[in-house]
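Colleague: coords please:
(one chain, ligands or ions: 2)
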Amino acid sequence: MSEGLRYNVRAADEAGVRAAAKVLREGGLVAFPTETVYGLGADARNDRAVAAIFEAKGRPRFNPLIVHFRHLAAAAEETVFDSRARALAERFWPGPLSLVLPRAPGSRISLLCSAGLDTLAVRVPGHESAQALLNACALPIAAPSANLAGRISPTRAADVVAALGERVDLVLDGGPCPIGLESTVVDMSGAAPRLLRPGAVTREELEEELETLESGEAEGPLRAPGQLASHYAPEHPLLLDALRATQDQALLAFGPNPPRGAARTLNLSVSGDLREAAANLFAFLRALDEAPVSAIAVMPIPSYGLGAAINDRLARAAAPRDA
Ligand code: TXA
Ligand code: MG
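Modeller: Ligands and ions are numbered 1, 2, ... in the order given. Modelled structure (predicted):
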């Protein structure tokens, strides 16, 4: 891979992981693969390192960060788990689930990660390289997705390099992310559990563990500012639920029988497999966004299971934006 030649990109082998852990301990920024998307990581206890994440991404300070831990016990040192939160963690960790929990009274996690809230989003990733890095540095790692604020999340090391380049001290290349969509975020800090962001841990699976699960934003103060409508903005307008595409449009297809006639077509999954579609989504959106077309037409995707998360990201990518 050509980006492997860049001085700040290292393969996620033992030596690469060791080098990345050293960068983190010294307060630097490391982009690393997880099963969902690449994260832009820093020592979550180091205010200056966490501040550097916001600067590198151009991320507004009111948007809090997810902190990654080796295991449940490490996350439980910094946050308060009730029995429901513990049940979710035991079932879905390590994995693509983030829990918003009250901060523990003595927590040493930088307050910047909470962005003024009294909660912290925590997650134990399952990806081998992420686990190796967490073990090697023995730190909690604050990590948003490793893209510029408001842009599509990176699912390959090359996407990180294209977006952030030398703003990152080291990029660990562990290949493409197997899931390809950001983690499911569930707010467990209020009276009722609330699904703030759909993801690969599906609503259906969560409901097997929880009696109730509210949707979307709570009334009152913004709880997940990153969930603002226009968030995954490609350059071209997106036309959702399209059944045809004209010759000046690109087509993001799904299923065995896409319409003909588009300037360029990429098929998320010919067999109609939602996992395959999720893994391809961001890379295909990027690729079609580079085509000289007037818009990207997107075929309908079923809305059950992982399809809910895919449709959530597509709706955000299609939302009208300010600038
Ligand atoms: O899959 C993922 O979650 C990736 C990988 C790197 O772990 N990370 C990621 O982070 O997607 P980010 O920052 O791009 O998205 C985190 C989302 C944002 O919508 C943020 O507003 C929300 O989680 N969030 C973080 N802390 C929160 C908190 N204390 N309360 C409510 N929402 C929170
Ligand atoms: Mg993000």
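Colleague: drop to CA atoms for contacts and neighbour counts, all remaining ones
Modeller: Fine.
Colleague: all helices of the stretch 101-250 of the chain, in order?
Modeller: 128-137, 157-164, 203-209 (DSSP state H, counting those that start in this stretch).
Colleague: among the ones you listed, which is nearest Leu266?
Modeller: For these, proximity to Leu266 was assessed by CA to CA; helix 157-164 is nearest, at 18.2 Å.
Colleague: give me the neighbour count for Ser82.
Modeller: Just to correct that, residue 82 is Asp rather than Ser. Around Asp82 there are 12 other residues, counting by other CA atoms under 10 Å.
Colleague: and it, how far from Leu243?
Modeller: For Asp82, the distance to Leu243 equals 46 Å [CA to CA, to the nearest Å].
Colleague: ok, now Ala130?
Modeller: Relative to Leu243, Ala130 is positioned 40 Å away (CA to CA).
Colleague: which of those two has more neighbours?
Modeller: Shown here are Ala130 and Leu243; by other CA under 10 Å, Ala130 has more neighbours (26 against 13).
Colleague: just the pLDDT at the closest residue to the more buried one other than its chain neighbours, thanks.
Modeller: Using CA to CA, 6 or more residues apart in numbering and skipping residues adjacent in sequence, the residue nearest Ala130 is Thr34, 5.7 Å away. Confidence at Thr34, expressed as pLDDT, is 98.
Colleague: ok, now which ones touch Thr34?
Modeller: Pro125, Gly126, His127, Glu128, Ser129, Ala130, Cys177 (CA atoms under 8 Å, 6 or more residues apart in numbering).
Colleague: where does the stretch 101-250 of the chain dip in pLDDT?
Modeller: Flagging of the stretch 101-250 of the chain using pLDDT under 70 yields the residue ranges 217-231.
Colleague: how about the strands in it?
Modeller: Taking DSSP state E, counting those that start in this stretch as the criterion, the stretch 101-250 of the chain contains strands spanning 119-123, 141-142, 170-173, 184-187, 194-197, 214-215, 238-239, 249-253.
Colleague: out of those strands, which gets nearest to ligand 1?
Modeller: strand 119-123 (4.0 Å; CA to the nearest ligand atom).
Colleague: list the contacts of that closest one.
Modeller: Taking CA under 8 Å, 6+ apart as the rule, strand 119-123 contacts 64-69, 75, 79, 93-103, 113-114, 189.
Colleague: near ligand 1 at all, stretch 96-105?
Modeller: Yes. Judged by CA under 6 Å from any ligand atom, stretch 96-105 and ligand 1 are in contact via Val100.
Colleague: any idea how far that stretch is from the chain center?
Modeller: Centroid displacement of stretch 96-105 relative to its chain, using CA atoms, centre = their mean, to the nearest Å, is 16 Å.
Colleague: what is the nearest of the contacts of Thr34 to ligand 1?
Modeller: Pro125 (7.1 Å).
Colleague: isn't that closest one up against Glu35?
Modeller: Yes. Pro125 is within contact range of Glu35, at 7.0 Å (criterion: CA atoms under 8 Å).
Colleague: shared neighbours of the two, anything?
Modeller: Joint contacts of Pro125 and Glu35 (CA under 8 Å, 6+ apart) are Gly95, Pro96.
Colleague: excluding its backbone neighbours, what's nearest the spatially most central residue of the chain?
Modeller: The residue lying closest to the centre of the chain (CA atoms, centre = their mean) is Glu182, at 2.8 Å. Spatial nearest neighbour of Glu182, chain neighbours left out: Thr36 (5.1 Å); criterion: CA to CA, 6+ apart.
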